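Trainee: Here's a sequence, model it:
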Amino acid sequence: MQNQGHTAELVGLQNALLKTDSVEQFLHELAVLSTRVAGEGLSCGMTLRQRGRPPAAVACTDQLAAQADDIQYRMGDGPCLHAMRHGRPVRIDDFAVHDRWPRFSRQAVALGLRACLAVPLFADEEPAGALTLYARRPRAFGPAETARAEQFAGHASGALTLALRMASCNDTNDQLRSSMVSRAVIDQALGVIMATERCPQDRAFAVLKTVSQNTNVKIRDLAASIVTSVSGEPPRSAPNGFQDG
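Mentor: Numbers count the residues shown, from 1 in each chain. Modelled structure (predicted):
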């Protein structure tokens, strides 16, 4: 039965990774899967480190988890942030008697929560975030539930690493496509200048660059306006030519 559970987890992660259209959707599916693995009637919030930004929620299964996570972000501490920062699980058996984060615990009880388990997520072997499971009853996370959640977080970390790498590749591809379009537009504008001024390509580029500096308009935008003024329609890109300066 245990092996069947492991297989179901891995299949669920694989499906989430392959069948979702965006990283955001994948993260939401990851949060939902975690609640199915660890127990019934749970809520889950997912925290990730943002580039150059404070840690923030990237997925929540419901409003209750979102509120509990938000309290911790505003306070700057709590189980989810501690698990992420230190790369170790944090379990609270009963918020009503917990004294490590008393302010957070009081507000969690006011929301109707009694217990939580925060497990770290890793990307490229570094702590990158945390999955925080919330329960409405005390002592909801015994040894079996904790072990399942930690094991799931280990599998999820591998899927998360892959998803983030794919997102990074997509960003790089978008940048490359944008650069190719810019170079193509500049090439077309240089052809216009060369024909008008009867000059070689390097001289045409010098003219374009000088006008760009004097008018404080990017070379790419200036080139597009030149092509549009001559052809009467926006430029069509062909991937070769100069790079935007």
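
Trainee: Just the C-alphas of stretch 130-147, formatted as CSV.
Mentor: Provided in CSV are the C-alpha atoms of stretch 130-147 (Å, rounded to 0.1, in the frame of the first residue of the first chain):
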residue,chain,number,x,y,z
ALA,A,130,7.8,26.0,2.0
LEU,A,131,4.5,24.1,1.9
THR,A,132,2.5,24.9,5.0
LEU,A,133,-0.4,22.6,5.8
TYR,A,134,-3.1,23.9,8.2
ALA,A,135,-5.6,21.9,10.2
ARG,A,136,-8.8,22.8,12.0
ARG,A,137,-8.2,20.3,14.8
PRO,A,138,-5.2,20.0,17.2
ARG,A,139,-2.5,17.3,16.8
ALA,A,140,-3.6,16.7,13.2
PHE,A,141,0.0,15.9,12.1
GLY,A,142,1.2,12.7,13.8
PRO,A,143,4.3,10.8,12.7
ALA,A,144,2.6,9.1,9.7
GLU,A,145,1.2,12.4,8.4
THR,A,146,4.5,14.2,8.9
ALA,A,147,6.4,11.5,7.1
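
Trainee: and it, average pLDDT?
Mentor: Mean pLDDT, stretch 130-147: 94.

Trainee: quick check, distance from that stretch to the centre of its chain.
Mentor: 25 Å (Cα atoms, centre = their mean, to the nearest Å).

Trainee: again, but for stretch 201-218
Mentor: 38 Å.

Trainee: and if you look at stretch 57-67?
Mentor: The chain centre lies 15 Å from the centre of stretch 57-67; the measure is Cα atoms, centre = their mean.

Trainee: list the buried ones in it?
Mentor: Neighbour counts over stretch 57-67 (16 or more other Cβ atoms under 10 Å) mark 57, 58, 59, 60, 61, 64, 65, 67 as buried. All C-beta spots, glycine's among them, are computed from the backbone N, C-alpha and C.

Trainee: Max pairwise distance over those: which two?
Mentor: 58 and 64 (16.8 Å; Cβ to Cβ).

Trainee: where does the chain have low pLDDT?
Mentor: 1-23, 50, 52, 162-182, 234-245 (pLDDT under 70).

Trainee: Kindly state the domain boundaries assigned to it.
Mentor: Following automatic domain parsing, one finds the domains of the chain at 2-170, 173-231.

Trainee: Comparing those, which comes out most buried?
Mentor: The highest average neighbour count among the domains of the chain, using mean count of other Cβ atoms under 10 Å, belongs to domain 2-170 at a mean of 18.
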